[in-house]
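J.: Okay, structure incoming, though there's no sequence with it:
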């Protein structure tokens with residue numbers, strides 16, 4: 001039987017014979033609707049590999065809508081903590097032959113490279129040869145391959161490693177993915193997919209399914225419900241979580257007009273972060289199941305033309321059970337052969353955290369049924385083809401990305417292309433997490449094992465995201481913020497605490513209670529959705545508990561990174577010497593990461609103080625929080641060394657290299673974002689402070705791969721050296737962001753790396769998120785326009801959503817790094833600080849204009865600082881060599 005390739009395959013085959021074309025981050029035309037130049041500049045290869053887990057973006061080229069519950073991605077490697085399902089390691093030196101296979105298409109909920117998977121579902125194509133031995137008995141050469149290594153199919157590649165797709169016959173976009181595979185014999189498998197929030201829509205087209213001397217080629221699909229699961233980041237720590245599978249089995253074949261489509265449903269119990277669930281929540285969280293319901297485009301009874309007795313079955317622990325309808329246990333998969341009349345298979349996989357029935361309902365509501373196939377072509381109902389699914393998902397992305405318009409400026413060269421791809425890919429990365437945990441306005445909570453009404457989100461990497469991604473989401477998608485705030489408060493109601501790093505449930509990852517910052521910033525910027533006094537009381541209760549109540553057994557636990565068998569970590573050390581008069585720090589000889597905890601708790605106190613002011617709390621609460629927030633950080637400042645340093649409970653210094661979280665004394669000695677004036681004073685005033693910044697950068701101590709360094713270049717602007725901030729942010733952008741697979745030097749961490757770039761490209765950054773201020777740097781582009789939903793209308797019940805047009809102009813910014821003047825709606829700014837309310841001004845039209853210069857200008861700079869750096873010249877502003 002021959003095969004008629006669909007247009008998407010012909011698109012790939014054309015490129016296969018045209019190596020000069022730099023494809024394929026743009027899909028074929030049928031999958032590129034609606035048109036969006038922004039989406040066409042998204043390159044999801046960015047950040048998909050690195051020399052080691054900490055030096056990689058940790059991203060995957062997945063398909064899903066913004067904030068999608070289940071993301072679908074081709075699998076190149078086994079996923080676990082420190083390894084994502086897809087790693088483009090073939091681009092690295094010596095990696096050409098590594099990861100050149102696809103081992104299936106997987107629905108993943110791994111939110112970041114250093115977090116675990118939860119209930120993944122893999123769909124794997126394959127081919128066997130059918131040979132009849134005796135009447136009714138068949139042997140399959142090679143067998144159905146279930147283990148990870150043997151099931152991998154090689155990606156068809158061109159000899160064009162410099163192309164954007166690295167020579168692979170692969171298309172990666174946020175709404176459509178395809179790859180052409182060698183089936184292991186003499187044919188090809190063309191895999192395509194798109195995905196709504198809760199439904200993966202997959203299609204497999206097989207070539208050359210003709211008779212061979214050794215038998216007939218029989219394409220199949222394997223659905224993996226339970227896999228060997230690696231716990232922690234050690235590959236030898238393997239566990240075997242059970243799963244469940246059940247085929248649909250109608251009593252008798254229904255009339256053809258009412259054909260019931262073939263269906264296999266089940267669940268996975270895998271949750272790789274289960275070992276770090278707080279102990280008081282483990283009983284409820286252990287009931288987690290990742291449900292699925294996979295529906296095929298053919299009826300659920302054997303074809304009368306089938307030459308084998310069972311076209312489907314179960315494989316468990318390597319043993320094949322033909323025709324078996326139901327099974328449970330570890331290492332469990334289902335297989336389905338294509339009907340002999342078909343060479344293509346359309347599979348839609350509904351997912352759920354609630355039940356199989358809800359997974360089926362999600363499938364019906366998001367990608368409803370296609371009709372049973374009557375010929376080689378898929379006979380589908382209007383609007384339910386893979387093309388229509390991809391179009392709906394692309395439309396969701398286009399609606400958000402088209403809120404932004406950019407013009408880089410200068411010559412349209414390779415550098416411009418890189419900047420556009422980094423920017424637009426960053427926007428997509430910034431709108432993926434937290435991910436939806438709700439379904440049809442209901443959600444399963446792992447905190448009490450109950451189904452509740454409302455919206456819920458998971459994947460809160462708050463230690464990372466409170467810095468800038470939350471502020472960016474407040475700007476770009478304010479309509480999402482109330483649901484996310486409500487989700488955090490629901491977590492508090494059901495667990496007793498606000499989340500720190502929620503991956504289905506709390507994981508105790510990182511330090512600090514930065515949900516306090518998220519809530520305070522949302523309230524400050526009028527997007528929290530806390531419209532009733534009851535809402536506000538609940539928010540304050542949750543934040544105040546973070547400030548005032550220590551974890552259980554506070555003196556008894558170190559709370560090391562990923563420590564097992566402990567309860568909610570929250571502010572570990574709060575009851576030791578943090579609140580002792582005359583002291584005020586987390587003791588290093590009691591708790592891990594003590595210095596970072598001390599500084600983070602102080603910032604969170606300031607966030608709570610900000611919220612208390614907004615909620616008109618009593619003076620004694622305001623004074624208590626303010627004094628603690630402003631004074632505690634400097635209990636760690638060692639006047640003899642000029643650096644922050646951890647302290648023991650008796651007050652002795654613990655050592656400059658102790659007590660830090662993903663940073664060191666260099667980064668954390670600049671980490672008092674809520675009291676920069678005092679920080680400058682402790683370093684000896686503006687001149688000495690700027691010199692210390694110079695020592696930090698020139699000495700190679702700035703590590704942009706980790707978040708504690710992200711705000712540091714902007715401190716120049718707060719200390720009278722705005723020109724240095726303007727230089728440093730561009731330097732950091734050039735060195736840490738590119739449009740290659742290893743184009744992110746550090747973990748994306750749910751969008752924080754990209755949020756830094758996007759804000760910096762606009763010309764400002766939220767150094768202290770709960771201040772409502774942005775510190776000015778140097779815009780990268782000559783023109784940016786954001787058409788933003790007005791929070792006052794987007795959060796209301798009105799059907800009319802007003803917009804705010806925020807236009808940022810910086811003529812010549814491509815080649816002119818320095819700011820000469822800055823105006824907002826014609827009003828001159830004399831200091832390098834922009835207030836949030838200035839960007840959200842009444843009237844809906846805001847214009848920010850940077851006057852750029854090729855040389856250092858007076859604006860934002862202190863003459864004493866400039867003179868000390870050898871930059872200030874009499875009568876003019878020109879950069880001199882030191």
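T.: Received the coordinates, thanks. Predicted model only: the values in this text are computed from it and were never measured.
J.: helix/strand/coil for the nearest residue to residue 726 once chain neighbours are set aside?
T.: The spatially closest residue to residue 726, leaving aside those adjacent along the chain, is residue 778, at 3.6 Å (CB to CB, 6 or more residues apart in numbering). Just so you know, the C-beta spots here come from the backbone N, C-alpha and C atoms, and that holds for glycine as well. Of the three states, residue 778 takes coil under DSSP: H, G, I helix; E, B strand; the rest coil.
J.: quick one: residue 778 and residue 725 touch, right?
T.: Yes: counting by CB atoms under 8 Å, residue 725 is a contact partner of residue 778 at 7.3 Å.
J.: Just give me the residue right at the centre of the protein.
T.: For the chain, residue 750 is the residue whose C-alpha lies nearest the centre (CA atoms, centre = their mean; 3.4 Å).
J.: Just the buried positions in stretch 236-243, please.
T.: 241, 243 (16 or more other CB atoms under 10 Å).
J.: And for stretch 606-622?
T.: Of the residues in stretch 606-622, 606-615, 617, 621-622 count as buried by neighbour count, 16+ other CB under 10 Å.
J.: now do stretch 334-351
T.: Those would be 334-340, 342-351, for stretch 334-351 by 16+ other CB under 10 Å.
J.: For the longest helix seen in the chain, which helices and strands make contact with it?
T.: Of all the segments assigned as helix in the chain under DSSP state H, the longest by residue count is helix 594-614. If contacts are counted by 3 or more CB pairs under 8 Å, 6 or more residues apart in numbering; DSSP states H and E, helix 594-614 sits against helix 515-524, helix 533-548, helix 619-631, strand 646-647, helix 665-668.
J.: Give the rounded mean pLDDT of the shortest one.
T.: Which is strand 646-647. Taken as a whole, strand 646-647 carries a mean pLDDT of 98.
J.: Would you mind listing the buried residues in the following helix or strand past that strand?
T.: Using DSSP states H and E, the helix or strand that follows strand 646-647 in sequence is strand 653-655. Across strand 653-655, burial judged by 16+ other CB under 10 Å covers residue 654.
J.: just to revisit the earlier point, what distance do you get for the residue nearest to the centre of the chain to residue 459?
T.: 6 Å (CB to CB, to the nearest Å).
J.: any common contacting residues for the two?
T.: Here residue 750 and residue 459 share the contacting residues 111-112, 433-434, scored by CB atoms under 8 Å, 6 or more residues apart in numbering.
J.: farthest pair in those residues?
T.: Greatest spatial distance in those: 112 and 434, 11.1 Å, computed using CB to CB.
J.: Look at those two and report which has more neighbours.
T.: residue 434 (26 against 22; other CB atoms under 10 Å).
J.: follow-up on the earlier one: so who does the residue nearest to residue 726 touch?
T.: Applying CB under 8 Å, 6+ apart, we find residue 778 in contact with 725-727, 729-730, 760, 763, 813, 817-819, 852.
J.: Could you rerun that using 6 Å?
T.: 726, 729-730, 817 (CB atoms under 6 Å, 6 or more residues apart in numbering).
J.: mind checking the longest strand of this structure?
T.: Taking DSSP state E as the assignment, the strand of the chain that covers the most residues is strand 121-134.
J.: Given that strand, what are its sheet partners and their directions?
T.: Partners of strand 121-134 in the sheet, by DSSP bridges, are strand 105-108 (antiparallel), strand 137-141 (antiparallel), strand 215-226 (antiparallel).
J.: If we go by neighbour counts, what in that strand is buried?
T.: 121-130.
J.: got these as a markdown table, with pLDDT and distance to residue 868 columns?
T.: Output for the buried residues of strand 121-134, formatted as a markdown table (pLDDT from 0 to 100; distance: CB to CB, whole Å):
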| residue | pLDDT | distance to residue 868 |
| --- | --- | --- |
| 121 | 98 | 61 |
| 122 | 98 | 61 |
| 123 | 98 | 63 |
| 124 | 98 | 64 |
| 125 | 97 | 66 |
| 126 | 95 | 69 |
| 127 | 92 | 72 |
| 128 | 89 | 75 |
| 129 | 82 | 79 |
| 130 | 74 | 82 |
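J.: Would you convert the residues you listed into JSON lines that also reports distance to residue 26?
T.: Converted to JSON lines, the buried residues of strand 121-134 look like this (distance: CB to CB, whole Å):
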{"residue": "121", "distance to residue 26": "28"}
{"residue": "122", "distance to residue 26": "27"}
{"residue": "123", "distance to residue 26": "25"}
{"residue": "124", "distance to residue 26": "27"}
{"residue": "125", "distance to residue 26": "24"}
{"residue": "126", "distance to residue 26": "29"}
{"residue": "127", "distance to residue 26": "30"}
{"residue": "128", "distance to residue 26": "35"}
{"residue": "129", "distance to residue 26": "37"}
{"residue": "130", "distance to residue 26": "39"}
